[in-house]
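Colleague: pasting the structure only:
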């Protein structure tokens, strides 16, 4: 008797698993029909900037897009002291067109100076806390 019930439940489970919903979800695509949903034209404008003097970080980015027209710029303070600025736009199917500029003059420390400055730094020393009796 138990085996007949289990067999019947198994058949019902297979039949239920094979059933398909009678409605058609908007995201379901079949080989019979394919609908393309175009989104509205992209439109945005953003910018940000970071300037942190203790670490030397100085960079930012700005971009504007209206449909297929995209343009913007970004900049970064390089470790050698120059400011790199990239101005760009997207020219349809031609792609990303960038103009890169550098402001300032690159400065590199003399290898002897950098060695000397490295050696002259004192390493922090660990000292256990002093006991205080009250």
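Modeller: Nice, I can see it. Keep in mind that what you see is a predicted model, and the values were worked out from it rather than measured.

Colleague: SS state for residue 93?
Modeller: What DSSP: H, G, I helix; E, B strand; the rest coil gives for residue 93 is helix.

Colleague: where do the helices sit along the chain?
Modeller: 2-18, 111-120 (DSSP state H).

Colleague: apart from its chain neighbours, what residue comes closest to residue 100?
Modeller: residue 86 (5.1 Å; Cβ to Cβ, 6 or more residues apart in numbering). Yep, even glycine has a C-beta here, placed from its N, CA and C like the rest.

Colleague: for residue 63, see how far away residue 77 is.
Modeller: Distance of residue 77 to residue 63, computed by Cβ to Cβ, to the nearest Å: 20 Å.

Colleague: dump the residue contacts of the residue nearest to residue 100.
Modeller: 73, 74, 75, 98, 99, 100, 101 (Cβ atoms under 8 Å, 6 or more residues apart in numbering).

Colleague: quick check: bridge partners of it?
Modeller: residue 74, residue 100 (DSSP bridges).

Colleague: that older thread, more neighbours: which of residue 77 and residue 63?
Modeller: Legend: neighbour count by other Cβ atoms under 10 Å for residue 77 and residue 63, higher for residue 77 (18 against 15).
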